[in-house]
Every structure is written in C-alpha cells, then in structure tokens.
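**Student:** Attaching a predicted model along with its sequence, questions to come.
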Amino acid sequence: MNAAGPARLEIVVPARDEAGRLPAGLAALGGALAALGVPAAVIVVDNGSVDGTADLVRDGAWPVPVRVLECARRGKGAAVRTGLLATRAPYVGFCDADMATGLDALGGVLELLRAGRPVVVGSRRHPASVVEDYSSPLRKLGAVTFNRAIRDLAGGVSDTQCGFKFFAGPLARAAAADLRTDGFAFDVELLMHCARRGAEITPVPVVWRDVPGSTFSVRRHSLEILRDLLRIRRAAPRRMPRPVPAAQPAVLALAERSEPQRA
C-alpha cells in the first residue's frame, strides 16, 4: 500500500501512443513506488496520443495515485517539461514509458535525494551497470558521439540520455521553467540548467534492457538533435559554476529563488 499523505516523490512519465506498453509499465512503477513506504504519485503526460493512452490511464487501477496531463506541444522534452512544472513534491523525477531501466534502483535514488544530492541520474556507462543492449551499431555509434560532444554542457555526465533522472523538486521545477528544447536532446539542456545553478550531478548504476518500440530513430532525428545541440551550446554559460557539495542547502535555496510563482 502507498503511504498516506501528500506525495514526497512524484515521477513524470511522458507518453505518446503507449497504450500497448504503458499498462504493464505503470503497474510495475506503481508497485515499486508503493514498496518504498513513502507517499508517491505518478504524472503521465499524454503527448498527443491517438490510441487511447490517456483514457486507459484514467480508467486504470494503480498501486499509487496516477493523474494524466495533456501536452499538445509535440516532443518528449515538451512533455517532460509540462510534467515537472506540475509537480509539487520535494523529490521528483522522470522515467520512460517502457520502463527499460530497472525499478529496483528507486530505493537507492531516494536515499541519495534525502541525503541532499540535488540531481541523481541513471547511467548505463557506470561501471556497475548491467546493460542488455540490442540496438543497432549505428545507434550505438551515435550515442557515443553524442555524449562525447555534450559532456561539458551536462555537468560531466557520460550518459545524458538514460530516461531515469531525479531531482530535488524546487531545482527540477526551476530548471524545467528554463527548458526550451522540445525534442530528444532536452536532457542535455535540463542537466545544463541544473549544473549552471551549481548542482552536483550524481550518476548511479542501473540495470537496463533495450525494449522494442522506441520512437527514436538515428536517421530521422539526427539533424533535429544536431540543431538543438548547437542552440543549447550557444545559450550555455561560458563558464559553469563549480558544483555545490552534496548536502549543502545552498542548491535548494538557489532553486527556490529561481522557481517561478504559480497562480
């Protein structure tokens, strides 16, 4: 059973035409959250689905509270931004609808957040990670090239594209408010906005398996990603501030001051 009270952890799941994969994913995510023993909730952001994804989520019975938001602006980045800005919890994050990242990592992530780590990200390149990768050689080469090109923008993170990222809530909402990338390169900009606020980014090992059905295509999306990365780099500060050591309240205080006011 999910613990009673306002959510302490909220997880955003962007979804576009995920009626086939999302039910099992939400059941698994809800079960993992309920097992944490803290109040938790999920926000599914429907990104223009035409397969009944939103209705399926609304009509389902889940182990933790799940609500649906609509995001008419297309793109995973736009959907994640919408979800993060709608959170209220002290700890927030997002994960992919396919749940490719093993959910057993949630307990350790929550411990790190509680200990004062402002940003905790799953990394398939962590030496302790277990990765079952069935992607094509072209996609693997693209991933390596991509991460080498942007590591300096994203706080030194070696795997920016793992869809398993968690934040101190105020910091996430402040960074999301500044997010302008709608497409697949949004992770880079989101981490950049955290890093420029002095937030230390902590990579953690994950168990990850490649799940069929991804909407990402190297051939179809490479030019869009390149364009977005050039724009992100132009907008990046010339010098990033040094990360504030973990457990320092300055990161959260800075994020609170930067967080937009809501009506």
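**Tutor:** Nice, I can see it.

**Student:** which residue ranges form the helices in the stretch 101-250 of the chain?
**Tutor:** Remark: helices assigned in the stretch 101-250 of the chain by DSSP state H, counting those that start in this stretch are 106-114, 137-150, 169-177, 186-195, 218-235, 250-258.

**Student:** Least confident of those, on average?
**Tutor:** Ranked on mean pLDDT, the bottom entry among these is helix 250-258, at a mean of 39.

**Student:** residues contacting Leu153?
**Tutor:** Counting by CB atoms under 8 Å, 6 or more residues apart in numbering, Leu153 touches Val188, Leu191, Met192, Ala195, Ile232, Arg233, Ala236. All C-beta spots, glycine's among them, are computed from the backbone N, C-alpha and C.

**Student:** just checking, what packs against the helix or strand that contains Val45?
**Tutor:** Val45 belongs to strand 40-46 when assigned by DSSP states H and E. Applying 3 or more CB pairs under 8 Å, 6 or more residues apart in numbering; DSSP states H and E, one finds that strand 40-46 makes contact with strand 9-15, helix 22-36, helix 53-59, strand 66-70, helix 76-85.

**Student:** Pick the most buried one from the ones you listed.
**Tutor:** Ranked by mean neighbour count, these are led by strand 9-15 with a mean of 27 (mean count of other CB atoms under 10 Å).

**Student:** Now the helices and strands packed on strand 40-46 in a markdown table, please, with extra columns for distance to Ala3.
**Tutor:** As requested, these are arranged in a markdown table below (distance: least, CB to CB, whole Å):
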| stretch | distance to Ala3 |
| --- | --- |
| strand 9-15 | 10 |
| helix 22-36 | 8 |
| helix 53-59 | 22 |
| strand 66-70 | 16 |
| helix 76-85 | 22 |
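
**Student:** out of the ones you listed, nearest to Gly93?
**Tutor:** Proximity to Gly93 (CB to CB) singles out strand 9-15 among the helices and strands packed on strand 40-46, at 5.2 Å.
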